[in-house]
Each structure stands twice: as structure tokens, then as C-alpha cells.
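**Q** From the sequence below, what's the structure:
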Amino acid sequence: MTDSAPPITLILPPLLAHGPRRARTLMIQGTASDVGKSLFVAGLCRAYTRRGLVVRPFKAQNMSNNAAVTADGDAPADVAGEQPRGEIGRAQALQARACGVAPSIHMNPVLLKPQSNVGSQVVLRGRSLGNCPARVYHEMRQGLMPAVLDSFERLCAEADLVLVEGAGSGAEVYLRHCDITNMHFAERAKVPVIVLGDLDKGGTMASLVGTWLLLDQADRDRVVGYIVNKFRGDFSLFEPACATITAHTNWPFLGMVRWFEGAARLPAEDSLALERPAETSGGTLNIVIPRLSRVANFDDMDPLAAEPSVNLRWLNSGEPLPANTDVVILPGSKATRADLEVLRREGWDIDILAHVRRGGRVVGLCAGFQMLGRVVRDPLGIEGVPGETAGLGLLDLETEISGDKRLIEIVAQEQQSGCRVTGYEMHMGRTTGAGLARPWLLLDDGAGDIRAEGAMTADGRVMGGYVHGIFGADAFRAHWLAQVGVQAAQIDFEARIESALNALADHVESCLDLDALLALAK
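**A** Numbering: from 1, shown residues only. Sure thing, here's the model as predicted:
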């Protein structure tokens with residue numbers, strides 16, 4: 001779709017009539033993107049849940065290619081009677097986990113999944129509406145507000161406290177008229193706002209005062225205070241800045257949150273996290289992941305990064321594949337053909353083929369699996385311009401991108417190890433070919449129906465499949481690492497995430513007066 005394409009036809013999901021709101025509500029807006037809103041809200045979710053409150057997270061609109069499957073969905077059942085699942089941003093799924101509940105489409109009713117520099121796939125309450133240029137979405141998104149407010153009220157009807165996360169900066173006043181996720185939403189939903197500043201970025205005083213300066217009086221009055229996040233050092237040196245901020249804005253200073261060292265143990269929200277060094281070192285197994293332009297669900301790598309025996313490195317533009325690479329992992333992508341072109345432009349395709357000829361291993365996950373085949377076709381132009389692109393040819397497969405998205409949580413058996421694995425599928429496209437005769441996994445639908453999934457070469461050195469989250473299975477990860485020559489640590493990966501969430505809640509509790517924050521919730 002081009003910038004001149006017609007807008008998506010909106011068919012809003014059924015809206016409900018709601019009674020009096022049960023929940024208190026509080027919104028966390030930021031002075032910019034990546035100031036720590038998602039992690040801060042997750043910490044509050046766990047802290048207030050531990051106090052016995054029924055807590056729910058909410059973010060009206062998220063932009064991320066890191067997504068999670070939900071058990072609920074707004075799409076009608078398919079011909080077999082199976083109710084399709086939905087999807088939301090990974091950050092809201094983590095926040096739901098912090099609350100001790102399953103993720104729901106109502107926690108993130110609008111999800112934008114970037115497919116190009118000027119367009120995204122629009123997901124409304126778990127259902128893909130199609131691809132949309134930014135300008136067209138800008139014009140249509142106010143029409144999504146009824147569904148957004150409906151999802152919000154549904155959460156408010158079942159919870160004691162709903163913690164709302166804003167998007168980017170709440171002071172983008174040129175977008176105020178069509179905003180569905182910051183100040184316009186706060187006005188419509190009657191939610192008090194706390195503004196979060198990021199001291200690690202610098203310019204905290206200017207960003208907070210600048211936010212106040214840009215807002216109109218009604219939005220200024222909606223703000224009940226500000227918090228300084230990611231603080232390191234001696235806070236007494238920054239206290240005069242807080243006095244200046246409060247003098248200019250009349251917003252109360254609600255406290256500061258010190259830098260949380262355990263953040264790396266939790267899934268990152270989006271690819272901004274890859275801008276910072278994330279390599280691990282000290283191990284003997286070298287795993288390299290080419291950083292694709294539309295990389296998706298890159299938290300698939302987190303369990304491997306947690307292993308002391310693994311050196312995990314993201315390969316950036318302009319860098320060749322290191323000669324000492326043991327394993328290349330091709331990650332998920334929101335635009336398979338475009339990222340195949342990235343592989344070729346960077347020369348990584350040649351590097352990967354040479355790596356395999358030297359006896360190296362390659363694993364493809366979701367779009368990475370599609371790239372391992374002979375060709376990827378997109379006749380309808382779902383991911384971009386219609387056409388086809390040659391794959392790497394390492395597996396005898398071909399893929400055609402289709403309009404139906406598969407969203408499902410799965411339980412499977414990994415063929416080589418016999419280990420049980422769990423995960424989810426989230427993809428558009430159907431893969432066929434002789435290579436499927438040697439599957440990587442056997443999926444169990446719980447009703448006795450076993451389905452082959454993925455493919456591998458006869459020597460097991462090249463493999464791939466559509467299942468995300470496979471390396472989170474501790475027994476399989478240990479077996480796979482042993483195959484490639486290293487010993488796994490005794491890591492319970494799921495327990496590691498729970499421990500990190502509890503540590504985050506402890507951290508937030510130690511930094512802030514949570515009773516005072518709760519009193520500000522309306």
C-alpha cells in the first residue's frame with residue numbers, strides 16, 4: 001500500500017455498555033520514548049498485586065514488532081469452530097504476567113507492527129486490519145477511540161487498579177486532536193497522569209519543564225506529579241533541579257527511581273533495546289544474529305543470552321560474520337522479503353553460506369525459517385510490493401505470504417532430543433516443499449492430533465520452524481547446547497523472569513511511596 005492508498009475500512013468490534021467504574025486508574029506518561037515507562041509500570045503491577053489488589057495494565061496503542069499471543073480474540077471462529085487468538089505488545093504481556101493474569105487483547109487494543117519506514121500493520125483488538133501508511137493511519141486512528149475506551153472500561157470493570165502506560169511523549173501537542181493514547185485519551189477516560197523523566201538520557205529538567213510549557217492548561221491540571229527515572233549517583237546533587245522543575249510547573253515531585261540493574265533479565269519491548277550493547281561474553285560458544293531491519297520477537301534469544309557458556313552477538317550493518325561464529329540465528333521479521341534483501345546488501349548471505357560449508361550451524365525462527373528456503377513469494381503485496389525473492393536455499397522449501405495470520409500457543413516435541421517445548425506461532429505465510437519431510441518439531445494440539453512443524457537438514461546443522469519461544473524450554477536448551485559443544489547452566493528460565501519481576505517490584509517499593517501514588521489514582 002502506498003501513501004495515496006485508501007484507508008482501511010474500519011469494522012469496529014462489538015462494544016459493551018458499562019456500569020459504574022470499579023477500578024482506580026493512574027496513567028504513566030513519558031517525556032520521550034524509552035524513558036522506562038513499560039518497566040516502571042510492570043514494577044508497579046507486581047508491587048500492587050502483591051499487596052492484594054486486582055491490577056490490570058493498559059496501553060491504548062503500542063508500536064512494536066515484539067508481540068505476544070493472547071487466548072482471547074475478536075475475530076470470528078474459523079470453519080473448524082476454533083476461536084482465533086489475538087496479539088498484543090510484549091510489554092503489556094509482561095505487565096499482565098506481573099499482575100499474575102493471562103494477557104488480553106483489551107490490555108493493548110491497538111498494536112502497530114512496522115513493516116517499512118512509512119507504514120505498519122494495524123492490529124485492532126488482536127485482529128490484523130491490514131497494512132497502512134503512516135499518513136493514512138494518522139487520519140483514521142481517531143475512529144479507533146470507541147474500541148480503545150471500551151477495552152479500557154472492560155478492564156476497569158474487573159480490577160481494583162488499572163495502570164495506564166502512555167506512548168512516546170505526552171507533549172506531542174500537534175497530534176493532540178487525533179491522539180488515542182496520551183493526553184486526549186486521559187481526558188476522555190478521566191485518568192490522572194504522572195510524567196516520567198529519564199535522568200540517564202540527560203536534559204531531564206528541560207524535558208519536564210518543556211512538557212509543561214507545551215501542554216494546555218487543562219492537560220497541565222491533569223498531571224498529579226512527576227517522577228525521575230533511571231537515577232545513578234548522589235541524588236542530593238539533583239535536588240535543586242527538582243525544586244526548579246516544581247517552581248516552573250507547580251507539579252509535585254513524587255520521587256526518583258534508581259537505575260535497576262536487573263532490567264536485562266526481562267524481555268525488552270522493542271528494537272530500541274538493540275541500540276545499546278547487548279552482547280554477552282566469557283563463554284565458548286559464539287552465536288551471532290544478523291540485525292534485520294524489521295526484526296521481530298527478538299526476545300527468543302533471551303534464554304540463550306542467559307547461559308554463561310554462550311557469547312551472544314547482534315551483527316550490525318557493515319560488520320561481516322566473524323570467522324569464529326559457531327551458530328547463526330536468523331530471527332523473526334515483519335518483512336521477510338525486505339530483510340532477505342538486507343542480508344544480500346550486507347553480504348551476510350555469502351557469509352552464511354560459507355559458514356555452512358565450513359560445518360557451521362544455522363537456525364531460522366519464523367521469518368528466519370522462511371529465509372532458509374528457496375523462495376519467498378508475496379503475490380498480494382501483503383508485506384510490500386508484490387513479487388518474489390530468492391531465499392538462501394539451505395532448505396528445500398518455498399513460502400507464499402498469505403492474508404491469514406496464524407496466532408496460536410503450541411506444545412511440541414523436539415525431534416532430536418525428544419524434549420517437550422512450548423511457545424507460540426505468529427506468522428502470515430504457508431511453507432511447503434520436500435524439506436518438510438524431515439521436521440524439526442511435532443506439534444500436539446491437545447486432542448491427539450500431531451502435526452509436523454519446521455524442517456532440518458539430514459545432518460541437523462540447518463534447522464528452522466515457526467515456533468517462537470522454543471529456547472525457553474530448559475531441557476531442550478540444555479540438549480541443544482550439548483549438541484553444539486557446551487554445557488548449559490542449571491537455569492530455570494521462567495523462574496528467572498519471576499525473580500526479576502519480584503526484584504523490580506522490591507526496587508520500586510524501595511524508591512517510592514506507593515501508598516501516596518495509590519492515593520493519586522482516581
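**Q** Could you count how many residues lie near Ile382?
**A** Residues contacting Ile382 under the criterion other CB atoms under 10 Å number 21. The C-beta positions use only the backbone N, C-alpha and C, and glycine is treated the same way.
**Q** What pairs with the helix or strand Glu400 falls within, parallel or antiparallel?
**A** For Glu400, the element it lies in under DSSP states H and E is strand 398-414. Strand 398-414 pairs in its sheet with strand 375-378 (parallel), strand 420-432 (antiparallel), strand 441-444 (antiparallel), by DSSP bridges.
**Q** Mind exporting the C-alpha coordinates of that strand to CSV?
**A** Output of strand 398-414 as CSV, limited to C-alpha atoms (Å, rounded to 0.1, in the frame of the first residue of the first chain):
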residue,chain,number,x,y,z
GLU,A,398,9.2,-22.3,-0.6
THR,A,399,6.9,-19.9,1.2
GLU,A,400,3.9,-17.9,0.0
ILE,A,401,2.8,-15.0,2.2
SER,A,402,-1.0,-15.0,2.6
GLY,A,403,-3.6,-12.8,4.2
ASP,A,404,-4.4,-15.1,7.0
LYS,A,405,-2.3,-14.8,10.2
ARG,A,406,-1.7,-17.8,12.3
LEU,A,407,-1.8,-17.0,16.0
ILE,A,408,-1.6,-20.0,18.3
GLU,A,409,0.1,-21.2,21.5
ILE,A,410,1.6,-24.6,21.0
VAL,A,411,3.0,-27.6,22.8
ALA,A,412,5.5,-29.7,20.8
GLN,A,413,8.2,-32.3,21.0
GLU,A,414,11.6,-31.5,19.6
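**Q** Break this structure down into its structural domains.
**A** 24-264, 279-496 (automatic domain parsing).
**Q** Put together a markdown table for the ones you listed, with mean pLDDT and distance to Leu520 on each row.
**A** As requested, the domains of the chain are exported to a markdown table (pLDDT from 0 to 100; distance: least, CB to CB, whole Å):
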| stretch | mean pLDDT | distance to Leu520 |
| --- | --- | --- |
| domain 24-264 | 91 | 5 |
| domain 279-496 | 92 | 32 |
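**Q** circling back: which of the strands paired with strand 398-414 sits closest to Gly472?
**A** strand 420-432 (7.2 Å; CB to CB).
**Q** hmm, back to that, who wins for proximity to Tyr226 among the strands paired with strand 398-414?
**A** Closest among the strands paired with strand 398-414, using CB to CB: strand 420-432, at 36.7 Å.
**Q** so who does Glu388 touch?
**A** 337, 375-379 (CB atoms under 8 Å, 6 or more residues apart in numbering).
**Q** quick one: which of those residues is nearest Ala488?
**A** The closest of the contacts of Glu388 to Ala488 turns out to be Val376 (CB to CB; 33.2 Å).
**Q** Please name the nearest non-neighbouring residue to the closest one.
**A** Nearest-residue entry for Val376: Thr399, 4.8 Å, with adjacent residues in sequence omitted and distances by CB to CB, 6 or more residues apart in numbering.
**Q** how many other residues sit next to that neighbour?
**A** 27.
**Q** my guess is it contacts Arg430, does it?
**A** Yes: between Thr399 and Arg430 a contact is recorded at 6.9 Å, counting by CB atoms under 8 Å.
**Q** Just give me the residue closest to the centre of the chain.
**A** Compute the mean C-alpha point of the chain, and by CA atoms, centre = their mean the closest residue is Asn66, 2.7 Å away.
**Q** Go ahead and name everything in contact with the helix or strand containing Leu304.
**A** Taking DSSP H and E as the criterion, the element that holds Leu304 is helix 302-305. When contacts are defined by CB under 8 Å, 6+ apart, helix 302-305 is touched by residues 267, 278, 280, 287, 310, 312, 471-472, 477, 491, 493.
**Q** swap the cut-off to 7 Å and go again
**A** Here helix 302-305 makes contact (CB atoms under 7 Å, 6 or more residues apart in numbering) with 267, 280, 287, 310, 312, 471-472, 477, 493.
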